[in-house]
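Colleague: quick one, structure for this:
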Amino acid sequence: MAKYSDTIDLYSDDGKLLKSDVVLDKISPLVNPATMKIIDLTKRSIAVNLGGMEAGLKSGKLGKGKILGRELDLPIMANKDAIVASIKEMLDIEGGETVVNEFKGGNLLLIEVPKARLEAASTYDAAITSVAAATTYAIVDQFNVDAFNASTVKAACWGGYPHTMDMPGAGVSSVLSIPQNNEGLGFALRNIGVNHLVMMTNRNAMQGATLAATLETAGEFEMGGAIGPFERHMLLQYAYQGLNANNLVYDLVKENGKTGTIGTVVQSLVERAIEDKVITPGKKGGYFQFYDTKDPMMWNAYAGAGTLAATMVNCGAGRFAQAVSSTLLYFNDLLEHETGLPGSDFGRVMGTAVGFSFFSHSIYGGGGPGVFNGNHVVTRHANGCAIPCVVAACALDAGTQMFTPEGTSAIMGETYGKIDVFNKPIQQIANGV
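Modeller: Purely as a prediction, here's the structure:
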C-alpha cells in the first residue's frame, strides 16, 4: 500500500487522547493488528447456545417450528463440561487449539476455531459448520442417542439446514451471514446487522460506530474500493468518522449536544473546516458564499464525521433511531447548500437516505433501522459511511423500534460483546498503532 504523509491524533469515546501523530496507513485494515484481529475473530468465532438447545430439545422446538413427539430430555447443562471438552477435542488440530469462552454459567459459548480450518477452506463457512457438527456429535455421543433420535439433536444444532439454504433456528450462530446472502463481491464483512453491532458494543454509540466503520472499511478494501487514490479517501473517511480522529466527532457532539440541531452541527462543522483550512471561501454568487477545497478527500472525511455527529445529536435528543435516515439526508442537504461542496460520500449518503427512509418506516415500513446492514439493497450504496451512523442511532434508541437490539441480537451482546476487541474497538485499534 502507499505511504502517506497525513497524520492524525486518535481520541477515545470520552474525548481523551489515545495516540498522537499517527501516520494514516497505520490504521489500515491491512496493517493495524487490532483491526486484523477483529476481522479474524469475526470469521472464526461462533456462538453456541447450549442452554437454548437443552430447552428446545425438551419441548420439541426445532428449527423455526415445533414437532410433537420428537422431544428429548437431555441434561446438557449438567454434562456441560464433558460436552465442551468433546467439542474442543474434535475442533483442535495439530498446531491449532480451539478457544472456548463460556458465558452465563456455560449456557452460552463463544468458540474460536483454529485458523487452519479457515485457511484450508474457500470461505468462512468452515467455522460454523465445524462447530455445528462437533456440537451435534458431542451431544449424541455423551448421551448415547440412537439413530432414530440423532437427527433431532442435529436439528437443534443446525436448525433448518439443509432443508433451507441457511440455518434458521440453529443453536449455533455467527455474526456473518452465509456467503449466498452477500449482494456481491466483498460484501461479507458489511453483511452484519446493525442491531448485532449495537449489542456487541454494549449500546455505546461511538464504539458501535467504530466497529461498524472498521468492518465497513475492511469490506471496501475487500471489494476493491480502496485501490490507488481511493485508498487515502477510504482511510481518511474511516479515521475521522470511525476513529474520532482529532476528536472531531466528539467535539461536534459536545458543542451541539445540549441545545443543538442538525443545522447547528452543519454550522459547527463548516467553522471547524475553515479553521483547519480544509475549505476556504471561494466565489460569491449574489448573497451566497461558495467554498473551495484543495483536498476533496479530506473534506469528505469531515462531512462523514459531521454526519455521525448530527445523527448522535438528533437521534440522541429524541432517543429514537427512526430519525437516522432523515438525518443522513438533510444534514448533507444543508451542508451542500451551505458550502456548495458535495456531502458525505459525494452525494451517495443522501441517495441512500432517500431509499432508507422509505424502506425503514415510511409507506413500506418493512423494518426498523436496526435490521439493516451494509449489504442491504437499500443501504449498500454509501461506501462505508452510512451504517456507522445507523449503529450510533440504534445504540441511542430508547425502545422505539419494533425490532429492538435486545430482541434480535441479545446473544451477540452476551458472547461477542464480552470480548474487548469487539466491545472497545477504539482503544484496541489505537493500541495497535
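Colleague: residue contacts, residue 22?
Modeller: 7, 8, 9, 10, 433 (C-beta atoms under 8 Å, 6 or more residues apart in numbering). All C-beta spots, glycine's among them, are computed from the backbone N, C-alpha and C.
Colleague: same deal with residue 428?
Modeller: Residue 428 is in contact with 34, 37, 38, 420, 421, counting by C-beta under 8 Å, 6+ apart.
Colleague: 10 Å instead, please
Modeller: Residue 428 makes contacts with 32-35, 37-38, 207, 210-211, 214, 419-422, as judged by C-beta atoms under 10 Å, 6 or more residues apart in numbering.
Colleague: again, but for residue 202
Modeller: Neighbouring residues of residue 202 by C-beta under 10 Å, 6+ apart: 208, 395, 413, 417, 418, 422, 423, 424.
Colleague: which strand residues bridge the nearest residue to the fifth one once chain neighbours are set aside?
Modeller: If I follow you right, that is residue 418. Excluding its sequence neighbours, the residue lying closest to residue 418 (C-beta to C-beta, 6 or more residues apart in numbering) is residue 103, at 6.0 Å. Following DSSP bridges, residue 103 is listed with bridge partners residue 108.
Colleague: in TSV, list the contacts of residue 22 along with distance to residue 176.
Modeller: Output for the contacts of residue 22, formatted as TSV (distance: C-beta to C-beta, whole Å):
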residue	distance to residue 176
7	34
8	30
9	33
10	27
433	26
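Colleague: from these, which is closest to residue 225?
Modeller: Distance to residue 225, by C-beta to C-beta, is smallest for residue 8 among the contacts of residue 22, at 20.6 Å.
Colleague: check which helix or strand the closest one maps to.
Modeller: In this assignment (DSSP states H and E), residue 8 forms part of strand 7-11.
Colleague: tell me the domain boundaries of the protein?
Modeller: For the chain, automatic domain parsing gives the domain ranges 7-31+189-431, 44-174.
Colleague: please identify the most buried of those.
Modeller: With neighbours taken as mean count of other C-beta atoms under 10 Å, those reach their highest mean count in domain 7-31+189-431, at a mean of 21.
Colleague: tell me the average confidence for that one?
Modeller: Across domain 7-31+189-431, the average pLDDT comes to 95.
Colleague: quick one: the helices in the stretch 201-350 of the chain?
Modeller: Assigned by DSSP state H, counting those that start in this stretch, the helices in the stretch 201-350 of the chain fall at 205-222, 229-237, 248-256, 262-275, 296-318, 324-339, 348-361.
Colleague: Serialize those to TSV and add fields for distance to residue 389.
Modeller: Formatted as TSV, those follow (distance: least, C-beta to C-beta, whole Å):
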stretch	distance to residue 389
helix 205-222	7
helix 229-237	12
helix 248-256	11
helix 262-275	12
helix 296-318	4
helix 324-339	6
helix 348-361	8
